[in-house]
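>>> what follows is a predicted structure for the sequence shown.
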Amino acid sequence: MSGDSTSSGGSTDDKEGKGDKDGKEGGEARGMRTVQRTIDILELFNEHRPALSLREIVTASGLPKTTVLRILQTLRLNGLLWLDEHGRYTAGPAFLRWVRMADQGWRLPAPARRALRELAAEHRETVHLYVRRDVHRICIAQEEGPQALRHVVQVGDELPLWAGGPSKVLLLGADDTLLDRVARRSPHGPDHTATLRRWMAETLRNGYAASHGEHEEGLSSVAVPVRARGGEVVAALSFGGPSARFTAERLPRFVNSLTLAARTVGGNGGFGGLRG
């Protein structure tokens, strides 16, 4: 019989090619899973828990002990984790270089730093500057107010996006997928999506956002968007403090001063996440 014969299942080359592709995709998925697990373990450490035992890491991560040991060994070899005198894991010296680079990359230009200092001095309230990271907001700069009773979020602190004046600002332009993910992480569940949409519309209409007791009873905030030269919202500039001092009479003055300062901060971008 003349001619090449092929089976209905396709040629051997086709099957091998498909197998190679599936194997490559499977390997990439496993690699991404390992990276995410490594990040999840690193995120177990914070200023309240700077050192953790192996048992604590296994329990908190929910991963098999063998997997945790393998990841911890890799992190130690790269200087990202260290063993203290009690045999607990803590941040390693390699982070010192990363901290230095982060400080250089996210340091506010002099005019922006001066604008935050002037806000805190004029209104005697603590000023914060936030950027969005996925479903969270991170404080990248702050200037403490002079009053004894004040609410201070430290630089580097991460807060959820489901409530608060800065969160409402940072959600401007968010799509339905992001709003749904934020809502599902809130105490209110998926139904909170409708509230987030309403807050987003109000913030867009008013040009600012305020909150009273949404994250914690007795605390308030007011925030305005910081826009890059192209007009996109890249950060939120806010006052935060006891609700008793965030009265309706003070609100217009807060908004006006924050708005003027936000132009200075946005106009002096070119650092970190505020690049336009």
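Noted; the coordinates are in hand.
>>> every contact and neighbour count from this point should use C-alpha atoms.
Will do.
>>> in the stretch 101-250 of the chain, where is pLDDT below threshold?
Along the stretch 101-250 of the chain, the model assigns pLDDT under 70 to no residue.
>>> would you map the helices across it?
110-123, 165-170, 176-184, 192-206 (DSSP state H, counting those that start in this stretch).
>>> show me what counts as buried in the shortest one.
By that I understand helix 165-170. Gly165, Pro166, Ser167, Lys168, Val169, Leu170 (16 or more other CA atoms under 10 Å).
>>> now the longest one
Along helix 192-206, the positions that meet the burial threshold by neighbour count (16+ other CA under 10 Å) are His192, Thr193, Leu196, Arg197, Trp199, Met200, Thr203, Leu204.
>>> check contacts around the fourth one.
Listed by CA atoms under 8 Å, 6 or more residues apart in numbering, the contact set of Arg197 reads Leu179.
>>> and what of the second one?
With contact taken as CA under 8 Å, 6+ apart, Thr193 is in contact with Leu179, Asp180, Val182, Ala183.
>>> circling back: which pair in the buried residues of helix 165-170 spans the largest distance?
Greatest spatial distance among these (CA to CA): Gly165 and Leu170, at 8.9 Å.
>>> of the contacts of Thr193, closest to Arg70?
Val182 (32.4 Å).
>>> what sits against the closest one?
Contacts for Val182 were tallied using CA under 8 Å, 6+ apart; they are Val135, Pro160, Leu161, Trp162, Thr193.
>>> just put the buried residues of helix 165-170 in CSV and tack on distance to Arg30.
Listed next are those as CSV, based on distance: CA to CA, whole Å:
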residue, distance to Arg30
Gly165, 39
Pro166, 36
Ser167, 34
Lys168, 36
Val169, 36
Leu170, 33
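>>> pick the one among those residues closest to Leu54.
Leu54 has its nearest neighbour among those in Ser167, at 35.3 Å by CA to CA.
>>> for Gly62, phi and psi?
Torsion angles at Gly62 (phi, psi; degrees, to the nearest 10) stand at phi 70, psi 10.
>>> need the contact list for the closest residue to Arg181 other than its chain neighbours.
Leaving out its chain neighbours, the residue that sits closest to Arg181 by CA to CA, 6 or more residues apart in numbering is Val135, at 7.2 Å. By CA under 8 Å, 6+ apart, the residues touching Val135 are Pro160, Leu161, Leu178, Arg181, Val182.
>>> out of those, which is most surrounded?
The residue in the contacts of Val135 with the most neighbours, by other CA atoms under 10 Å, is Leu161 (27 neighbours).
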